[in-house]
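1. Kindly generate the corresponding structure for this input.
(chains A and B)
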Number of protein chains: 2
Amino acid sequence: MAVQQFSASAHLQDGVQVKVQARNFTLTIDEPKELGGTDLGMNPVEALLGSLGACQAIVARVYAQKFNVELNDFRVEVEGDIDLDGFFGLSDVRPGYSEIRYRFVIDSPSSRENIDGLIAHLQAHCPVGDSLAAPVKLVLSDVVVNSQAA
Amino acid sequence: MAVQQFSASAHLQDGVQVKVQARNFTLTIDEPKELGGTDLGMNPVEALLGSLGACQAIVARVYAQKFNVELNDFRVEVEGDIDLDGFFGLSDVRPGYSEIRYRFVIDSPSSRENIDGLIAHLQAHCPVGDSLAAPVKLVLSDVVVNSQAA
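-> Below you'll find the model as predicted:
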């Protein structure tokens, strides 16, 4: 059994600011002013794109040698489309990303054939990419309500 | 047209460390030592869970008033299962999350009925949640290879 659990928590602060924690690491999430926030951090859908790019970069690093690719530099630029009418309930479009595009900028002396092999492997084995491209079962496991005075 | 683009970039550093950037915000991603990293930040699949929890918390804040819910405190604990055999190519299991569970810990004087209404709305309208629960079209838009000397 190689099934491993990963975890994180998110704690709402003032307004739409959120403190995210995973193990001993923290990340401040917020929204830009035009989306109702105070612009103190990237927002959740940007953090999602960043986690995709980071995952792809790590898979590239881990598998480069296997595909005989020397990586002098590896950068991913990710962008995605969200129809905000879904979030705001103005139409029945999905609230999430309809499409996410990514662009690899690679500095490598290796052959294009080897690089393309690495990219194909990367696309098929990236945990975050797979979690977005194929449906994940989301389960509300518990709701705990306390009602102490504010 | 309410379709909005969001973007982020990921730049591979030494080992499996990655510098993520979205607008003027940065995040260091790394892997723990047991997964081959130097443990300088949360890893991509933890950042993914964090972005889900943050997104849920923000949706809760934005819609609380509409459901007559007063939120004194709102916290999300998220965990998910990944079979690492998929990433390491040891079996045909998917490399991403098979299941993600979340637990809401709420401090509120409001009725349970109103809180449940907010939670149901939140689950249906969370952009990150929807991006995980339903398939997103992922597109490799470009590969740029440079081959300067290292």
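
2. Looking at the longest helix seen in chain A now, give me its mean pLDDT.
-> Across chain A, the longest stretch assigned as helix under DSSP state H is helix A:44-64. Averaging pLDDT along helix A:44-64 gives 98.

3. now the angle from that helix to helix B:44-63?
-> Angle, helix A:44-64 to helix B:44-63, by axes from the mean of the first three to the mean of the last three C-alpha atoms, to 10 degrees: 170 degrees.

4. helices or strands up against the helix or strand following helix A:44-64?
-> With elements assigned by DSSP states H and E, the helix or strand that comes after helix A:44-64 is strand A:73-83. Helices and strands touching strand A:73-83, as assessed by 3 or more C-beta pairs under 8 Å, 6 or more residues apart in numbering or on different chains; DSSP states H and E, comprise helix A:44-64, strand A:97-107, strand B:3-12. Every residue, glycine included, has its C-beta placed from N, CA and C.

5. which of those sits most buried?
-> helix A:44-64 (a mean of 27; mean count of other C-beta atoms under 10 Å in any protein chain shown).

6. Now do the same contact list for A:S147.
-> B:D107, B:S108, B:P109 (C-beta atoms under 8 Å, 6 or more residues apart in numbering or on different chains).

7. and chain A, which of those reach it?
-> B:D107, B:S108, B:P109 (C-beta under 8 Å from any C-beta of the partner chain).

8. and the residues you listed as TSV, adding pLDDT?
-> Formatted as TSV, the ones next to chain A among the contacts of A:S147 follow (pLDDT from 0 to 100):
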residue	pLDDT
B:D107	97
B:S108	97
B:P109	96
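
9. and which of those is nearest B:A54?
-> B:D107 (18.1 Å; C-beta to C-beta).

10. Quick check: bridge partners of the closest one?
-> A:N146, B:D73 (DSSP bridges).

11. Next up, the contacts around the residue nearest to the spatial centre of chain A.
-> Nearest to the mean C-alpha position of chain A, by C-alpha atoms, centre = their mean, lies A:L48 at 2.6 Å. The contact partners of A:L48, taken as C-beta under 8 Å, 6+ apart, are A:Y97, A:L132, B:L48, B:S51, B:V128, B:S131.

12. Can you name the two of the residues you listed that sit furthest apart?
-> Farthest apart among the contacts of A:L48 by C-beta to C-beta are A:Y97 and B:L48. That separation is 13.0 Å.

13. Run through the residues that contact A:F6.
-> Contact analysis of A:F6 by C-beta under 8 Å, 6+ apart lists A:A22, B:N43, B:V45, B:E46, B:L49, B:E79, B:G80, B:I82.

14. Turn those into TSV, including distance to A:T38.
-> Formatted as TSV, the contacts of A:F6 follow (distance: C-beta to C-beta, whole Å):
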residue	distance to A:T38
A:A22	23
B:N43	28
B:V45	28
B:E46	25
B:L49	24
B:E79	29
B:G80	29
B:I82	34
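
15. Closest to B:Q148 out of those residues?
-> Distances from B:Q148 to those, taken by C-beta to C-beta, are shortest for B:N43, at 29.8 Å.

16. pretty sure that closest one is touching B:K33, no?
-> No - between B:N43 and B:K33 there is no contact under C-beta atoms under 8 Å: 11.4 Å.

17. Neighbour count for these two, which is higher?
-> Comparing B:N43 with B:K33 by other C-beta atoms under 10 Å in any protein chain shown, the one with more neighbours is B:N43, at 26 against 9.

18. Wondering if the lowest-mean-pLDDT helix or strand in chain A reaches chain B at all.
-> For chain A, the helix or strand with the lowest mean confidence is helix A:84-87, at a mean of 92 (criterion: mean pLDDT, DSSP states H and E). Yes - counting by C-beta under 8 Å from any C-beta, chain B has neighbours in helix A:84-87: A:L84, A:D85, A:G86, A:F87.

19. Tell me who's in contact with A:G53.
-> Per C-beta under 8 Å, 6+ apart, neighbours of A:G53: A:V76, A:E77, A:V78, A:Y102, B:A8, B:S9, B:A10, B:V18, B:V20.

20. switch to 6 Å and redo it
-> Counting by C-beta atoms under 6 Å, 6 or more residues apart in numbering or on different chains, A:G53 touches A:V76, A:V78, B:A10.
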